[in-house]
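Novice: Sequence first, then the predicted structure, then my questions.
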Amino acid sequence: MSKTLIVVDMQNDFIDMALGTKEAVAIVPNVINKIKSYVDNGDEVIFTRDTHQSDYLDTPEGIKLPVPHCIEGTKGWEIYDGVYVEGCKIVNKPNFGWPNWFMESFDEVELIGLCTDICVVSNALIIKAQFPDIKVTVDSSCCAGVTPETHDAALSTMKMCQIDVI
């Protein structure tokens, strides 16, 4: 049985730039260790990258969150130094959740990254809906939300939807 780690949006803008938080900075060592364990075991690691264009502020998301971030090609869009492992797949997703997970083949999935309450929960729920019979796990020590309260709310939501939260 193969295991897949999905590292959600561990990008500069979510860690210590436009939308960064101290909680996001604090999880970086845990995220690096988790990725290393998967790579060392020969398991698959997929990175997602929130990807917006220069017209971001004119989009529905930009109107509701008027903070330009993860503009393709900028420093904020890049995966945080020391997190990415060469040769791993990167999915550039234009919004919260990647609807094309169904094109992958998963036996078991674990998600980590940012933000728990937006992109992690969105992708976890999409994967659970598309693959209802596989084990889906989220490691809370490798996630951070916009606020600690919304992080906890997202973890509760995922638990209610039969996603294992560790």
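Specialist: Noted; the coordinates are in hand. All values reported here derive from a predicted model rather than from experimental measurement. Residues are numbered from 1 along each chain as shown.

Novice: most distant residue from the middle of this structure?
Specialist: Most distant from the centre of the chain: Asp58, at 23.8 Å, with distances by C-alpha atoms, centre = their mean.

Novice: and that one, what are its phi and psi?
Specialist: Backbone torsions for Asp58, taken as degrees, to the nearest 10, come to phi -90, psi 0.

Novice: Give me the distance between the biggest strand by length in the chain and the centre of its chain.
Specialist: Secondary structure of the chain per DSSP state E: the longest strand is strand 135-144. From the chain centre to the centre of strand 135-144 is a distance of 10 Å (C-alpha atoms, centre = their mean, to the nearest Å).

Novice: ok, now stretch 116-132?
Specialist: 10 Å.

Novice: For Pro66, which non-adjacent residue is closest in space?
Specialist: The shortest distance from Pro66 to any non-neighbouring residue, by C-beta to C-beta, 6 or more residues apart in numbering, is to Leu57 (6.0 Å). In this view, the C-beta of every residue, glycine as well, is placed from N, C-alpha and C.

Novice: where does the one you found land in three-state SS?
Specialist: At Leu57 the chain is in helix, as set by DSSP: H, G, I helix; E, B strand; the rest coil.

Novice: looking at the protein, which helix or strand does the model trust least?
Specialist: Within the chain, no helix or strand scores below helix 60-64, which has a mean of 95 by mean pLDDT, DSSP states H and E.

Novice: List of residues touching that helix?
Specialist: His52, Asp55, Tyr56, Leu57, Pro68, Asn95 (C-beta atoms under 8 Å, 6 or more residues apart in numbering).

Novice: pretty sure His151 belongs to a strand, no?
Specialist: No: checked against three-state DSSP, His151 lies outside a strand; its state is helix.

Novice: who are the neighbours in contact with it?
Specialist: With C-beta under 8 Å, 6+ apart, His151 has these contacts: Glu23, Cys115, Thr116, Asp117, Ser140, Cys143, Ala144, Gly145.

Novice: Tell me, what's the model's pLDDT at it?
Specialist: His151 is assigned a predicted lDDT (pLDDT) of 98.
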